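> here is a sequence with its predicted model. Questions after.
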Amino acid sequence: MYVAALELVDFRSYSHVQIDLRPGVSVLVGRNGQGKTNVVEAIGYLATLGSHRVAADQPLVRHEAERSVIRAAVEREGRRLLLEIEIVPGKSNRARINKSQLPRPRELLGVLRTVMFAPEDLTLVRGDPDSRRGFLDELMMLRTPRLAGVKADYERTLKQRNALLKSAAATRGSFDVTTLAVWNDHLVQLGSELVHERLMLVSDLCAPVRQAYADLAPASGEAELGYKASWTNAAPLADQLSRDQIAAEFRESLARVERDELQRGVTLAGPHRDDLLLRLGDHPAKGYASHGESWSMVLALRLASFALLRMDGDDPVLILDDVFAELDSTRRERLAEMVVDAEQVLVTAAVADDIPATLSGDRFTVEAGQVLSDPAADRGDA
């Protein structure tokens, strides 16, 4: 799988740009603020329906424009697909495949698959649990797109349940308890499926994360993963828990915290409050890992994601956004060697010398809203 062509209209700093790409390595070089990250952000958005830099869509639309368009030709299994998403802040986005509009944008999920490495990834180690939940859910939906619907339904149910609890808190608990029981049933049904899928994913990730971390930082201990649930005292959870077991424990937890929920007006247990545990040896990575160890853990998570998606079928498109400037020379070389055989690798850098020679390929210069091919740096011409 690879992106053969990309077109952006009123996306970030670009009024309009078209880029032709090939399999193998493509490098975008430009000073900070010139728009190189905007290019790979657009490709990532087309794959995940989200940005790795911002949570809302408004910053993705060029100043004074009403909407932006991301359009890409993707080669997959011998077929060329034209993917398009129209981003309209404050309204529903629109998605198309081969110019046919999809009922919902999330039906794009899984058509183009990407794995992105970016400086923002340090939040996976140092940030709050929502970053790590987001990592799990994004990968989970790339592997099994139907789960995007399950997650959306869970979030909608959670919002309705929170509204009910908030109303109950305002009226000091004077409400129909049978209504809460109905929302509990929906929350447990959807939440237990999400947790079960997350647990299986964590189990699948353990071995490749351990191996990738050992390859990147062989003297820094062993990387381990676990899953901490907000609705049970077991930590980490065993991956062999069935969906029925999860549902039973989740339901019991809701009963235990019901009094507190009615007082505080918010749902206190569920997958929206769970966490992915990252450990180095006997210590949690958060708070203990050095800068280099944190980066190695982040890279191991992304490399493991790539390994799982590769086992599922086509290679995902690998995106390395300003990563090499953050790494020492040893980690740069090791990372380059581990990704160079991917079908397509897109690299951004402010300084070309930061990129290991292993990743030589097509070169583009990004400056002042333009993306220009550098023929002298193309493969076979160097």
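Good, I have the coordinates.
> what is the rounded mean pLDDT of the longest helix belonging to the chain?
Across the chain, the longest stretch assigned as helix under DSSP state H is helix 177-216. Averaged over helix 177-216, pLDDT sits at 94.
> could you point out which element follows it?
strand 223-228 (DSSP states H and E).
> give me the residues contacting whichever helix or strand comes after that next one.
Counting by DSSP H and E, the next helix or strand C-terminal to strand 223-228 is helix 243-264. Applying CB atoms under 8 Å, 6 or more residues apart in numbering, the external contacts of helix 243-264 come out as 165, 168-169, 173, 180, 184, 187-189, 191-193, 195-196, 199, 230-232, 267-270. Using the backbone N, CA and C atoms, a C-beta is placed for each residue, glycine as well.
> and I87, what are its phi and psi?
In this entry, I87 is assigned phi and psi values of phi -100, psi 120 (degrees, to the nearest 10).
> relative to V317, how far out is it?
Distance, I87 to V317, by CB to CB, to the nearest Å: 20 Å.
> tell me the confidence at the residue lying closest to G281 once chain neighbours are set aside?
In space, not counting the residues next to it along the chain, G281 is nearest to G221; the distance is 3.7 Å by CB to CB, 6 or more residues apart in numbering. G221 carries a pLDDT value of 82.
> same thing with S174?
S174 is assigned a pLDDT of 64 by the prediction.
> neighbour count for I87 and V317, which is higher?
Taking other CB atoms under 10 Å, I87 and V317 do not tie; V317 has more neighbours (28 against 24).
> next up, the contacts around that one.
Here V317 is in contact with 1-3, 43, 47, 112-115, 342-346 (CB under 8 Å, 6+ apart).
> quick one: the helices in the protein?
Using DSSP H, helices in the chain cover 36-48, 123-126, 129-143, 147-170, 177-216, 243-264, 291-312, 329-339.
> so which of these is the most packed in?
Greatest average neighbour count among the helices of the chain goes to helix 36-48 (a mean of 25), per mean count of other CB atoms under 10 Å.
> just the terminal-to-terminal distance for stretch 27-34.
Counting by CA to CA, to the nearest Å, you get 14 Å between the two ends of stretch 27-34.
> same thing with stretch 221-230?
Stretch 221-230 has an end-to-end distance of 28 Å (CA to CA).
> quick one: contacts of it?
Residues from elsewhere that reach stretch 221-230 (CB under 8 Å, 6+ apart): 195, 198-199, 202, 205-206, 209-210, 212-214, 235-237, 239, 253, 268-271, 273-281, 285, 296-297, 300.
> do stretch 282-292 as well
Contact partners of stretch 282-292, identified using CB under 8 Å, 6+ apart, comprise 125-126, 217, 220, 223, 277-280, 293-294, 297, 328, 331.
> okay, buried residues for it please.
Neighbour-count burial for stretch 282-292, with 16 or more other CB atoms under 10 Å as criterion, is recorded at 285-286, 289, 292.
> now stretch 18-26
19, 21, 23-26.
> which of those residues lies closest to G33?
Within the buried residues of stretch 18-26, the smallest distance to G33 is 18.7 Å, found for I19 (CB to CB).
> tell me if I'm right that the closest one and L372 touch.
No: with contacts counted by CB atoms under 8 Å, I19 stays clear of L372, the gap being 9.7 Å.
> quick check: which ranges of this structure have low pLDDT?
173-175, 234-239, 376-382 (pLDDT under 70).
> restricted to strands, list the contacts of V317.
2-3, 114-115, 344-346 (DSSP state E).
> can you redo the residues you listed as CSV with distance to G149 and neighbour count?
Listed next are those as CSV, based on distance: CB to CB, whole Å; neighbours: other CB atoms under 10 Å:
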residue, distance to G149, neighbour count
Y2, 28, 22
V3, 26, 25
T114, 21, 25
V115, 23, 27
Q344, 28, 23
V345, 31, 22
L346, 29, 28
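> in JSON lines: those residues, plus distance to N93.
Converted to JSON lines, the ones in strands among the contacts of V317 look like this (distance: CB to CB, whole Å):
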{"residue": "Y2", "distance to N93": "24"}
{"residue": "V3", "distance to N93": "20"}
{"residue": "T114", "distance to N93": "18"}
{"residue": "V115", "distance to N93": "23"}
{"residue": "Q344", "distance to N93": "25"}
{"residue": "V345", "distance to N93": "28"}
{"residue": "L346", "distance to N93": "23"}
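> which one of those is nearest E75?
Distances from E75 to these, taken by CB to CB, are shortest for Y2, at 5.4 Å.
> for that closest one, give its distance to T179.
51 Å.
> thinking again about what came up before, output the buried residues of stretch 18-26 in CSV, with distance to R310 appended to each entry.
Converted to CSV, the buried residues of stretch 18-26 look like this (distance: CB to CB, whole Å):
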residue, distance to R310
I19, 25
L21, 20
P23, 15
G24, 16
V25, 17
S26, 19
